[in-house]
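*Asks:* output the structure for:
(one chain, ligands or ions: 1)
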Amino acid sequence: MNFSRFISRVSAARKESPIRETTRIKLQNPEVISLAGGYPNPAMFPFQSAEIKTRDGLKVQFNEEDMKTALQYSASQGNRAPDLLKWVKKLHVKYHNPPIMKNEENEGFAACVSCGSQDGLIKVFEMLVNPGDNVLLDDPCYSGTLAMVKPMDCNLIPVTTDHHGLQPNSLLSVLEKWKPESSHDPKSDIPRVLYTIPNCGNPTGATQTLERKKEIYAIAQKYDLVIVEDDPYFFLQFNVSETPSPSYQAIDVDGRVIRCDSMSKVMSSGLRIGWISGAYPFIQRLILHQQASILHTSTFVQMTISRLLDQWGLEGFENHTKNVQKFYKERRDAMIKYATKWLTGLAEWAEPEGGMFLWIKLIGVDDTTLLIKKKALEKKVLLLPGSAFGVVEGTSSSFCRVSYSFATDEEMDEVSRLFVCSIVVKSTVVQV
Ligand SMILES: Cc1ncc(COP(=O)(O)O)c(CNc2cc3ccccc3n(O)c2=O)c1O
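*Replies:* Numbers count the residues shown, from 1 in each chain. Below is the predicted model:
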């Protein structure tokens, strides 16, 4: 892989901060007496100890000595002591077994902890995209990603999806405008980046089959694309009996996959823990970005997560994720029950295989925006119109996104009933 082909001008210009370099040296050589870094003295921190109880009766405890570490600056890449990065590697060996782990150190597997995958994702785009670039994305696309890339003055190219996610033929038809060999021409405007949500998509709930992932990966090899796989719902796949649908990282023999993971759906969304992983040449650029932006993700939060994982072990984490899968599957089933009860004949949908979202198409409604923002709201129903997820600004959408993660059965029943009222009122207006 020619990694430098993918690095933006801004990212290529980043250099290691001298201050952060001293942090790295000190962490790697604890015996060194350092007067270099501007570390505040922890004796002046007001917090002395902490204890967090878990639902399964465990305790994550921080004594006075622990707090000196937990409340102090730490390495930009992520905590090494105690070691969240160790856990990241263990989880990736278990769930993805990335082929690049066999590569030489300088092109092998690496990871950088971020404040949620959103923080990591915007840094990935800033690492890969120059103004004017052509960027390929799932369409519809997670609105949080659109908020990142739309201001970047690049040309966003939608790639059609269906209830199995990204369509390989759609990707091919978009790329046929270029010759694959154009990827060797630095002056060509051939796309270099494909962003996709491989499993339990937002907003569609779609999961790409392994066959599709292999087809798409082969296309990425042919046209020399980097695949940014944004996979915060990986652990929310409902096929709890089998192993989760493999990630792109699991089939990435070239080092062209940059993977975004999140703990938001399985551990906590407010603690803001995620990580970006992939080949070291990419992760190295992200670490430099962390040094220049947030310095590092909260040391205390990283230690909280790693200390719980130390107690759980991989088996305990697996048991927890199976509980999470079971919970969201039950919520999905309830949402389908009430949507079927109230919306049959008025709307259609594909049953999500995981995640938290149901993507509903209203029959006979060209664009749901006004219906959702006005009619539904008048009935005290708040949903998201499909237009919020369109790659191309102003695109109409017959869809709306429903999140079933929080609502009770009663709320789902009532929302579906009220939503029908707003649709029926709308269609009455149309008849008149
Ligand atoms: C595909 C995809 N990629 C990345 C992220 C960000 O995850 P994190 O930074 O690791 O927590 C997300 C989170 N999606 C949402 C978040 C959210 C937060 C408050 C209120 C509403 C929210 N709605 O609606 C969302 O869809 C996502 O779906």
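
*Asks:* going forward, measure contacts between C-alpha atoms and count neighbours the same way
*Replies:* Fine.

*Asks:* point me to the residue of the stretch 201-350 of the chain nearest the ligand.
*Replies:* Nearest residue of the stretch 201-350 of the chain to the ligand, counting by C-alpha to the nearest ligand atom: S262, 4.2 Å away.

*Asks:* phi, psi for that residue please.
*Replies:* Main-chain dihedrals, S262, degrees, to the nearest 10: phi -140, psi 140.

*Asks:* do you know the pLDDT at it?
*Replies:* Per-residue confidence at S262 stands at 98 (pLDDT).

*Asks:* can you get me a residue count around S11?
*Replies:* S11: 22 surrounding residues under other C-alpha atoms under 10 Å.

*Asks:* my read: it touches E126, true?
*Replies:* Yes. Using C-alpha atoms under 8 Å, S11 is in contact with E126, at 7.1 Å.

*Asks:* and the chain, which residues reach the ligand?
*Replies:* Residues of the chain that fall close to the ligand, judged by C-alpha under 6 Å from any ligand atom: 116-118, 142, 202, 230, 232, 262, 264, 269, 274.

*Asks:* inside strands: which ones of the residues you listed?
*Replies:* Mapping the residues of the chain next to the ligand onto strands (DSSP state E) picks out 230, 262, 274.

*Asks:* residues touching G37, list them.
*Replies:* For G37, the contact set (C-alpha atoms under 8 Å, 6 or more residues apart in numbering) comprises 19, 22-23.

*Asks:* of the residues you listed, closest to the ligand?
*Replies:* T23 (26.0 Å).

*Asks:* burial measure for L71, as a count.
*Replies:* When neighbours are defined as other C-alpha under 10 Å, L71 has 17 of them.

*Asks:* oh, and call the first residue 53 from now on, that's how I've got it
*Replies:* All right, first residue 53 from here; so that's L123.

*Asks:* which non-adjacent residue is nearest it?
*Replies:* Leaving aside its sequence neighbours, L123 sits nearest to F352 (C-alpha to C-alpha, 6 or more residues apart in numbering; 6.0 Å).

*Asks:* let me see the domain layout of this structure.
*Replies:* Domain assignment of the chain by the TED database yields the ranges 55-366, 376-476.

*Asks:* returning to that earlier point: who does the residue of the stretch 253-402 of the chain closest to the ligand form a beta bridge with?
*Replies:* Note on S314: beta-bridge partners by DSSP bridges are G326.

*Asks:* any idea how far V176 is from it?
*Replies:* S314 is 14 Å from V176, where distance means C-alpha to C-alpha, to the nearest Å.

*Asks:* more neighbours: which of these two?
*Replies:* S314 (27 against 23).

*Asks:* wouldn't that one be in contact with G168 here?
*Replies:* Yes. Counting by C-alpha under 8 Å, S314 does reach G168; the two are 5.8 Å apart.

*Asks:* coming back round to it: and the contacts of G89, which are buried?
*Replies:* 74-75 (16 or more other C-alpha atoms under 10 Å).

*Asks:* in CSV, list the contacts of G89 along with distance to V467, pLDDT and secondary structure.
*Replies:* What follows is those, written out as CSV (distance: C-alpha to C-alpha, whole Å; pLDDT from 0 to 100; DSSP: H, G, I helix; E, B strand; the rest coil):
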residue, distance to V467, pLDDT, secondary structure
I71, 54, 80, helix
T74, 56, 82, helix
T75, 53, 79, helix
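
*Asks:* now distance to T213 too, for the contacts of G89, in a markdown table please.
*Replies:* Output for the contacts of G89, formatted as a markdown table (distance: C-alpha to C-alpha, whole Å):
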| residue | distance to T213 |
| --- | --- |
| I71 | 45 |
| T74 | 47 |
| T75 | 45 |
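
*Asks:* of the contacts of G89, closest to H215?
*Replies:* T75 (47.1 Å; C-alpha to C-alpha).

*Asks:* for E294, give me the pLDDT.
*Replies:* pLDDT at E294 comes out at 60.

*Asks:* try S69
*Replies:* On the pLDDT scale, S69 is placed at 83.

*Asks:* that one against A344, yeah?
*Replies:* Yes. Taking contacts as C-alpha under 8 Å, S69 lies within contact range of A344: 7.5 Å.

*Asks:* circling back to that earlier point, can you go through the residues of the chain next to the ligand and name the buried ones?
*Replies:* Neighbour-count burial (16+ other C-alpha under 10 Å) is assigned, among those, to 168-170, 194, 254, 282, 284, 314, 316, 326.
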